[in-house]
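S.K.: Got a sequence here, can you build the structure:
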Amino acid sequence: MTVDERKTISTGVIQNLILENRGKLSISGVLDVLSFDDQVVILETELGLLTVKGENIRINKLSIDTSEVIVEGEISYLAYSDKDNEKSKGNSFMSKIFK
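M.R.: As a prediction, this is how the structure comes out:
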């Protein structure tokens, strides 16, 4: 069983990232665009928050119907952060303050 098969079984979600020559990134499974400028795009996806960094970045396609986004520019960085971990970190921080 491959890593992709295990990920699909555990989450029930298939998400594709296709990076072409570090200049065009096609992403499926996008729920929302949280923020963007010419250097950073932050997307909420079905598998967590995805941060895309680079230079001269622009969103060329945003389709709510197909949950697809196409980002173009000089892409140098891609990273996921887990939505659940962000929420649990905030809860533990708040619980420490109010103890």
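S.K.: Quick one: the helices in the chain, in order.
M.R.: In the chain, the segments counted as helices under DSSP state H are 3-11, 83-97.
S.K.: Which of those helices comes out lowest on mean pLDDT?
M.R.: Confidence, taken as mean pLDDT, is least for helix 83-97 of the helices of the chain (a mean of 48).
S.K.: looking at it, residue 46 is touching residue 27, isn't it?
M.R.: No - using Cβ atoms under 8 Å, residue 46 makes no contact with residue 27, being 10.5 Å away. C-betas here are computed from N, CA, C, even on glycine.
S.K.: so where's this protein shaky on pLDDT?
M.R.: 1-11, 83-99 (pLDDT under 70).
S.K.: can you list the residues that contact the lengthiest strand in it?
M.R.: For the chain, the longest strand by residue count, based on DSSP state E, is strand 48-63. Contact partners of strand 48-63, identified using Cβ atoms under 8 Å, 6 or more residues apart in numbering, comprise 17, 25, 27, 33-34, 36-44, 68-83, 86.
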